[in-house]
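Asker: no sequence on hand, only this structure:
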């Protein structure tokens, strides 16, 4: 049985699309945007569904920026945003409602694969996209980003700046996305500083300021003078600012949260992918696929560097970024040895792109501890 909020949600969404405006909110409240008017060149209704607030300053904010990019570059598109939609029954009901209302494209910005596959066949005229999965259907596509490209570069910066040779790294859950990022981070750091080690700490949440703060402070107490993370709240940057410990962000420019200690971060750049998919749906050429884009595909970019980062380090990072974009540098090419001494990627080999979204279940040499069970 559907939750009781569904009927109200439908009414609000219809009003939002008709008005072509509105502000963001919580609990599934829509925020609709339209380029509108005589400039319209497509007749396309798009919905973007978030599992948290679009104002989180990280993951969801980056997807909201992608939505804004889509609206700016595709005249006539009408976009409705729904935030704080949890995977499971709530998400499934939401996707059913959007399909029933005739949305041609629905974008799920977190792991909604199971919910979407359960209902997609009932709405064949709606294309559903979801992050982080690996299964497609006639009207279901998947997308992910090669964050290892950016994390490798962030590792170069962190490895160049640490004096204690200890970097703390706060993660949410030990999923492949997080572990792959930690591995790429240490691989980049070791190219400039073979002595550096990374201490990872999972908080089993994507947004819990108290846990994030405690984890970050624990890592500082263990000697970390650089903190990396894959979280969204301001807690970790605030710990860095208070303790005079450098901060490497995650997926968004969070320099304002730690202006004195900011180093760098890769940035999620969802907009070009959203635009490409929306155009394909609008002109009838869309086909299901699993997208995996990095620096070369403009799937990610890099933030401005903090004031403490030397010009020599910036120059090196720019050189490595150009090499990744050109294909001259593969950040997950072998040889790679894990922290137990096993060769996990042989010399002359690499992790195939098709396998990267589900990599990795091991920590590379230089990372302390074992990968927790998820």
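Answerer: That came in fine, so what should we check first? If you're wondering where the values come from, they're calculated on a predicted model, not measured in any experiment.
Asker: any low-confidence regions in the stretch 151-300 of the chain?
Answerer: Across the stretch 151-300 of the chain, nothing is flagged by pLDDT under 70.
Asker: where do the helices sit along it?
Answerer: Listed in chain order, the helices of the stretch 151-300 of the chain (DSSP state H, counting those that start in this stretch) span residues 176-192, 209-221, 235-243, 271-283.
Asker: what packs against the last one?
Answerer: Contacts defined by 3 or more CB pairs under 8 Å, 6 or more residues apart in numbering; DSSP states H and E place helix 271-283 against helix 59-73, strand 105-108, strand 127-131. No exception for glycine: its C-beta is placed from N, CA and C like everyone else's.
Asker: let's see it at 7 Å
Answerer: If you count contacts as 3 or more CB pairs under 7 Å, 6 or more residues apart in numbering; DSSP states H and E, helix 271-283 packs onto helix 59-73, strand 105-108.
Asker: list the buried residues for the host helix or strand of residue 320?
Answerer: For residue 320, the enclosing helix or strand under DSSP states H and E is helix 311-326. Taking 16 or more other CB atoms under 10 Å as the neighbour-count basis, helix 311-326 is seen to contain the buried residues 313, 316, 317, 320, 321, 324.
Asker: looking only at pLDDT, what's the mean for it?
Answerer: If you average the pLDDT over helix 311-326, you get 98.
Asker: what's the answer for stretch 137-150, then?
Answerer: On average, stretch 137-150 scores 97.
Asker: got the buried residues for it?
Answerer: For stretch 137-150, the neighbour count (16+ other CB under 10 Å) marks 139, 140, 141, 142, 143, 144, 145, 146, 147, 148, 149, 150 as buried.
Asker: picking up where we left off before, by how many degrees do the helix holding residue 320 and helix 176-192 diverge?
Answerer: With axes from the mean of the first three to the mean of the last three CA atoms, to 10 degrees defining the directions, helix 311-326 sits at 130 degrees from helix 176-192.
Asker: packing partners of helix 311-326?
Answerer: Checking 3+ CB pairs under 7 Å, 6+ apart, helix 311-326 ends up next to helix 147-161.
Asker: now the helix it packs on against helix 176-192, angle please.
Answerer: Per the same axes, to 10 degrees, the angle that helix 147-161 makes with helix 176-192 is 40 degrees.
Asker: from the chain's centroid, how far away is helix 147-161?
Answerer: Helix 147-161 sits 16 Å away from the centroid of its parent chain (CA atoms, centre = their mean, to the nearest Å).
Asker: ok, back up a step: now the two most distant members of the buried residues of helix 311-326.
Answerer: Taking CB to CB, the two most distant members of those are 313 and 324; they sit 16.4 Å apart.
Asker: where does residue 57 fall, phi/psi-wise?
Answerer: Dihedral angles of residue 57 (phi, psi; degrees, to the nearest 10) stand at phi 80, psi 20.
Asker: same deal with residue 99?
Answerer: Main-chain dihedrals, residue 99, degrees, to the nearest 10: phi -60, psi -40.
Asker: isn't it up against residue 123?
Answerer: Yes. With contact defined as CB atoms under 7 Å, residue 99 reaches residue 123; the gap is 3.0 Å.
Asker: name the residues contacting each of these two.
Answerer: Among the neighbours of residue 99, none is also in contact with residue 123 (CB atoms under 7 Å, 6 or more residues apart in numbering).
Asker: show me the shaky parts of the stretch 1-150 of the chain.
Answerer: Segments of the stretch 1-150 of the chain classed as low confidence (criterion: pLDDT under 70) are 1-40.
Asker: what comes up buried for stretch 204-222?
Answerer: For stretch 204-222, by 16+ other CB under 10 Å, it's 206, 207, 208, 211, 212, 213, 214, 215, 216, 217, 219, 220.
Asker: break this structure into its domains for me.
Answerer: 6-145+269-297, 147-265+303-358 (automatic domain parsing).
Asker: so which of those domains gets nearest residue 369?
Answerer: Taking CB to CB, domain 147-265+303-358 is the member of the domains of the chain nearest to residue 369, at 6.5 Å.
Asker: please, where are all the strands along the stretch 251-374 of the chain?
Answerer: With strands called from DSSP state E, counting those that start in this stretch, the stretch 251-374 of the chain shows them at 262-264, 266-268, 290-293, 300-302, 336-337, 343-345.
Asker: and the last one, how far out from the chain middle?
Answerer: Centroid separation for strand 343-345 versus its chain: 26 Å, with CA atoms, centre = their mean.
Asker: what of the fourth one?
Answerer: With CA atoms, centre = their mean as the basis, the distance from the averaged C-alpha position of strand 300-302 to the chain average is 11 Å.
Asker: just the first one next, same as before
Answerer: Its chain's C-alpha centre and that of strand 262-264 lie 18 Å apart, by CA atoms, centre = their mean.
Asker: in its sheet, what does that strand sit against?
Answerer: Here strand 262-264 is paired, per DSSP bridges, with strand 246-248 (parallel).
Asker: number of nearby residues for the residue lying closest to residue 212 once chain neighbours are set aside?
Answerer: Leaving aside its chain neighbours, residue 212 sits nearest to residue 235 (4.0 Å; criterion: CB to CB, 6 or more residues apart in numbering). Neighbour count of residue 235, defined by other CB atoms under 10 Å: 24.
Asker: my guess is residue 235 contacts residue 213. True?
Answerer: Yes. Residue 235 is within contact range of residue 213, at 4.2 Å (criterion: CB under 7 Å).
Asker: just to revisit the earlier point, show residues contacting the helix holding residue 320.
Answerer: Contacts to helix 311-326, defined as CB under 7 Å, 6+ apart, come from residues 149, 153, 156, 157, 160, 295, 296, 302, 305, 329, 331.
Asker: please redo it, this time with the cut-off set to 8 Å
Answerer: When contacts are defined by CB atoms under 8 Å, 6 or more residues apart in numbering, helix 311-326 is touched by residues 149, 152-153, 156-157, 160-161, 188, 192, 264, 294-296, 302, 305, 329-331.
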